[in-house]
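**Q** sequence first, then the predicted structure:
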Amino acid sequence: MNHTGSELPGDVAGQRPFILSSSCPASFELTESGACSLVTRYQFYDSVQQRGVGGTQTALPKHRSGFTAQQIDLGRYLFFDPLLSQDGSLSCAGCHHPELGFSDGLGRSIGIGKEPTGRGAPSLWNMTFLTSFFWDARADSLEQQARGPLYDKKEMANTPAQLLASIRSNAYYPEMFAQAFPGLDGPTLEQLYSALAAFQSSLISLNSRYDQYAHGFHQALTADEVAGLNVFRSFVARCAECHQPPLFTNNQVAVIGTPEPDGLPFDSGAEKTFNSAKLRGGFKVPSLRNISKTAPYMHSGRFKRLRDAVAFYNKGRGHAVPKNEQLQLHWHIREPKLTDEEMDRLVDFLGALTDESLLPQIPQVLPSGLKPVQSLPVAETAGEQKVLATETVATITTSNVTINQGN
Ligand code: HEC
Ligand code: HEC
């Protein structure tokens with residue numbers, strides 16, 4: 001199993017209770033410089049520019065690299081630790097839960113004040129390949145992105161001063177930061193953002209049945225899924241123009257005219273980020289990997305089922321744009337007039353983009369002594385998707401460290 005740091009509670013006098021893992025996660029290789037380097041079969045293929053859009057054997061975009069095993073492992077503890085929130089009630093994983101495709105099953109996420117935030121939590125798989133973050137692309141690095149939820153009043157509501165103080169006064173974190181950033185003064189907030197980025201850069205999902213097919217194992221997809229792939233990359237449907245394989249996003253913002261859930265005001269999206277009226281109602285093209293795990297769909301969860309999200313594209317260019325809005329819809333948004341059967345095949349195909357083989361291990365004990373994952377978010381779509389395996393989640397009571405691993 002990957003990401004296995006030592007997790008003994010610190011009751012042995014004189015011993016370091018949290019030894020960070022010195023092995024790279026699966027699918028990474030330790031380089032001479034001591035960093036973990038991603039290994040994928042896609043690196044042997046040419047770039048999209050040389051092969052045209054939608055081909056199966058195209059290279060992945062550039063990715064973040066250079067993080068060490070210890071930095072990735074420190075980030076794992078931080079990611080699951082509610083200590084990072086103002087009142088110790090919510091970790092990053094509270095809204096990006098590994099069992100829900102690193103999302104939360106909600107149309108709009110709920111922060112520590114129990115109030116819905118403006119948008120839904122995107123999946124965090126394959127963040128290492130992205131160049132902008134948030135639905136409106138307003139952050140250009142993972143380090144910058146992390147400040148959003150940490151300090152947003154509606155999310156984790158912390159302050160930089162309180163966060164730094166709680167990390168520095170913790171019994172274990174200073175020593176763990178020293179393992180991850182040897183020879184540097186710390187802990188610092190920059191190191192904390194960097195460790196979170198390191199952990200997120202290790203969440204790789206590139207071994208779905210689709211990938212096996214792309215690498216030449218044609219039996220990996222059923223006939224229905226291949227039919228769906230062909231619709232997906234056809235010039236009629238045009239899905240692959242934006243959801244470009246192998247990442248299933250082209251890392252761009254597009255205005256496609258998605259509706260808000262009933263009663264919610266229009267979201268101007270990337271208009272504000274780029275100060276450009278052309279991008280009013282524009283959102284980042286999301287990757288479709290592990291898409292069957294992350295219902296409901298679109299920036300504020302308007303569509304509960306994948307079939308509804310697919311059908312949206314078939315209902316006519318701009319059909320859901322509010323009457324008083326003049327959006328500059330992307331030219332690849334048209335009215336493909338797909339048959340019901342073709343839409344069903346698209347859904348079949350999207351189901352073949354699932355790969356969770358590199359799920360990280362949820363720490364059983366955290367440096368803060370808090371529970372790693374607070375109550376699992378209640379999926380709005382529960383019943384339609386896999387029922388959560390809550391029994392596999394470790395529960396810990398801080399008073400009297402008992403560990404219940406379920407099975
Ligand atoms: C209250 C729920 C909540 C918490 C807690 C939370 N997030 Fe998020 N996260 C969201 C939402 C909602 C968005 C999308 C917001 C937007 O686009 O305006 C998001 C977006 C992101 C993105 C951008 C993904 C993309 O594709 O652009 C990353 C990365 C991320 N979160 C990581 C984290 C990390 C790291 C933490 C902990 C420090 C964290 N999140 C805590 C709800 C949450
Ligand atoms: C012009 C670019 C573009 C094209 C073409 C396109 N999409 Fe999208 N897609 C987007 C954007 C942008 C979003 C996010 C919109 C939002 O949240 O409001 C999105 C969202 C989605 C989602 C929801 C993802 C999530 O995480 O919630 C699915 C599913 C999807 N698209 C499937 C398709 C399919 C199937 C096709 C072809 C019929 C297609 N897309 C064509 C740009 C595009």
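**A** Thanks, I have the structure now. Ligands and ions are numbered 1, 2, ... in the order given.
**Q** skip the chain neighbours and tell me the closest residue to the residue in the stretch 201-350 of the chain positioned nearest to ligand 1.
**A** In the stretch 201-350 of the chain, the residue that lies nearest ligand 1 is K284 (6.0 Å; C-beta to the nearest ligand atom). Every residue, glycine included, has its C-beta placed from N, CA and C. Counting by C-beta to C-beta, 6 or more residues apart in numbering, A137 is the residue found nearest to K284 once chain neighbours are left out, at 5.0 Å.
**Q** ok, the one you found - contacts?
**A** 253, 270, 273-274, 284 (C-beta atoms under 8 Å, 6 or more residues apart in numbering).
**Q** also F349?
**A** 210, 221, 225-229, 231-232.
**Q** element containing it?
**A** When elements are assigned from DSSP states H and E, F349 belongs to helix 340-351.
**Q** that helix: which residues count as buried?
**A** By neighbour count with 16 or more other C-beta atoms under 10 Å, helix 340-351 contains the buried residues 342-351.
**Q** wait, does stretch 230-239 make contact with ligand 2?
**A** Yes - using C-beta under 6 Å from any ligand atom, stretch 230-239 reaches ligand 2 at 237-239.
**Q** break down the protein into its helices, ranges please.
**A** 48-51, 69-80, 92-95, 142-151, 160-168, 173-180, 189-200, 209-214, 223-232, 239-242, 270-274, 306-312, 340-351 (DSSP state H).
**Q** so where's the chain uncertain?
**A** 1-16, 47-55, 374-407 (pLDDT under 70).
**Q** tell me which residue is most central in it.
**A** Centroid-nearest residue in the chain: L124, 1.0 Å away (criterion: C-alpha atoms, centre = their mean).
**Q** how close does that residue get to T58?
**A** Taking C-beta to C-beta, to the nearest Å as the criterion, L124 is separated from T58 by 23 Å.
**Q** are any of the contacts of A137 buried, and which?
**A** 253, 270, 273, 284.
**Q** any idea how far the nearest residue to E325 once chain neighbours are set aside lies from P149?
**A** Nearest non-adjacent residue to E325, counting by C-beta to C-beta, 6+ apart: F266, 6.2 Å away. From F266 across to P149, the span is 24 Å (C-beta to C-beta).
**Q** same thing with F303?
**A** Distance from F303 to P149, by C-beta to C-beta: 24 Å.
**Q** ok, these two, which is more surrounded?
**A** P149 (23 against 19; other C-beta atoms under 10 Å).
**Q** count the neighbours of N207 for me.
**A** 16.
**Q** ditto for the one 5 residues further on
**A** Residues contacting Q212 under the criterion other C-beta under 10 Å number 17.
**Q** surely it is in contact with A220?
**A** Yes - if you go by C-beta atoms under 8 Å, Q212 and A220 touch, sitting 3.7 Å apart.
**Q** circling back to that earlier point, so which of the residues of stretch 230-239 next to ligand 2 wins on neighbours?
**A** C239 (25 neighbours).
**Q** residue contacts, that residue?
**A** 231-233, 313, 346.
**Q** tell me the spacing between L366 and G101.
**A** Distance from L366 to G101, by C-beta to C-beta: 23 Å.
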